[in-house]
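> Provided below are the primary sequence and the corresponding predicted coordinates.
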Amino acid sequence: MQQAIMFGAGNIGRGFIGALLERSGWHVTFADVVPEIVDGINARKAYTVHILDQVCDEWEIRNISAVNSAGPDIAPAIAKCDLITTAVGPLVLPKIAKTIAEGIRTRIKSGNQEPMNVICCENGLRTTTRLKNETYRHLSPEEIVFTDEHIGFADCAVDRICPKPEFDNPLDAAVEEYMEWDVERSAWKGDLIDVNGLTYTDNLMACLERKLFTLNSGHAICAYLGSLKGYKTILESISDPVIGNIVHNAMRESGESLIREFDFDPEVHHAYVERIFRRFQNPHLKDEVQRVGREPIRKLSPGDRLIKPLVTTANYGLPVDYMIFGAAAALRFKCDDDPQSVELQEKIQKESAGAALTLYAELQKDNLLYLRILDVYRALALI
């Protein structure tokens, strides 16, 4: 039986990636640092994925186990597995790189030359490549030669909303029906695997940018504007006619640059935008505004969901009247238990919103977008 290690046993790990692998006949070992989750999986040996959409369903997930990702059992597990997936958040990837390197080292010592692949299922661009680079920092030249030959690091694009409702079994997870998991074919080592819901692509960047410019961007704009109005969930936010109009038009604006950048069929992409917008209105998904808005500094970075779509669209000379609201509202996001939100607000209070925009978004004072974002930022103070 094929063996997978899923770093991160949160909602995405359990409800999306781990569930797809288990339902495709894999044994999934969840690797996490939370003792309650690790012990819970090993004790219960099962959980349910609740599909919450127009048509609801339940998946029973049973072929599972768990290990502490910082403990002594993880390296031997990597030495024997066929696939590693992650859903830990981009900021955690450097922390698990050393662990993966040790697992590769153990794999070499055991004489296992079967191919193994690594896929980072994170919200971000080329996160698997980033993990690969971090992992290689912990390998010797000889170990790198082995890794280049036998270990694939395949970037991917993932798309599925996984909220955090409460169930009697704390391991249960909720997901929407819609999902995408597009994996870069060229980086794969060995035979391609057959997993329900996984597709291979030769143009991953188009998939990544489409998701970043549409789902990720629209989701964040909805969360930041909703937070300003005191809404608790994405559903509440998107149901506000003003916020819904801004989010819908922002995704249409960014879509025009994608059509030009990747030669997308306009009708097909416009339909994709409408599908994404409908997903935000799923009444079963009580997705929290504070969860979606977390880590605003990362989301304001030049390559992420607010600034990159904005700059790309503006560079094509296209309107960005609605996209502007995303970065402006992110500057006002307050979440006391999110270190990035705290840092952002401290920067703004000690210096200015403009200083924060230059530091985190790398937009300079002479950039028209810088000026327009600050204009909207000031206007949002009246909400």
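Structure received.
> Which helix or strand contains residue 260?
Element membership of residue 260 [criterion: DSSP states H and E] is helix 241-262.
> Residue 321 versus the residue nearest to residue 342 when sequence neighbours are not counted, what's the distance?
In space, not counting the residues next to it along the chain, residue 342 is nearest to residue 336; the distance is 6.8 Å by C-beta to C-beta, 6 or more residues apart in numbering. To be clear about C-beta, it is placed using only N, CA and C from the backbone, and glycine gets the same treatment. In this view, residue 336 and residue 321 are 32 Å apart by C-beta to C-beta, to the nearest Å.
> And those two? Which one has more around it.
Legend: neighbour count by other C-beta atoms under 10 Å for residue 336 and residue 321, higher for residue 321 (12 against 9).
> For the more buried one, give me its contacts.
Contact analysis of residue 321 by C-beta atoms under 8 Å, 6 or more residues apart in numbering lists 249, 253.
> Let's see the pLDDT reported for the most centrally placed residue in the chain.
The chain has residue 123 as the residue nearest its centroid, 2.0 Å off, counting by C-alpha atoms, centre = their mean. For residue 123, the pLDDT comes out at 80.
> what's the closest non-adjacent residue to it?
residue 216 (6.1 Å).
> thinking that neighbour is in contact with residue 305, fair?
Yes. Counting by C-beta atoms under 8 Å, residue 216 does reach residue 305; the two are 3.9 Å apart.
> Which one's more surrounded, those two?
Neighbour count, other C-beta under 10 Å: between residue 216 and residue 305, residue 305 has more, with 29 against 23.
> And the more buried one, how far from residue 311?
12 Å.
> Equivalent analysis for residue 156, please.
24 Å.
> now swap in residue 323 and tell me
10 Å.
> of the two, who's got more company?
With neighbours defined as other C-beta under 10 Å, residue 323 and residue 311 compare such that residue 323 has more, 32 against 19.
> give me every residue that touches the more buried one.
217, 221, 250, 253, 254, 309, 310, 313.
> Neighbours of the closest residue to residue 1 other than its chain neighbours, how many?
Computed as C-beta to C-beta, 6+ apart, the closest residue to residue 1 that is not its neighbour in sequence is residue 27, at 5.4 Å. By the measure other C-beta under 10 Å, the count of residues near residue 27 is 16.
> In terms of pLDDT, where does the spatially most distant residue from the centre of the chain sit?
No residue in the chain sits farther from the centre than residue 111, which is 34.3 Å out by C-alpha atoms, centre = their mean. Note on residue 111: pLDDT of 97.
> Quick check on it: phi, psi?
phi 80, psi 10 (degrees, to the nearest 10).
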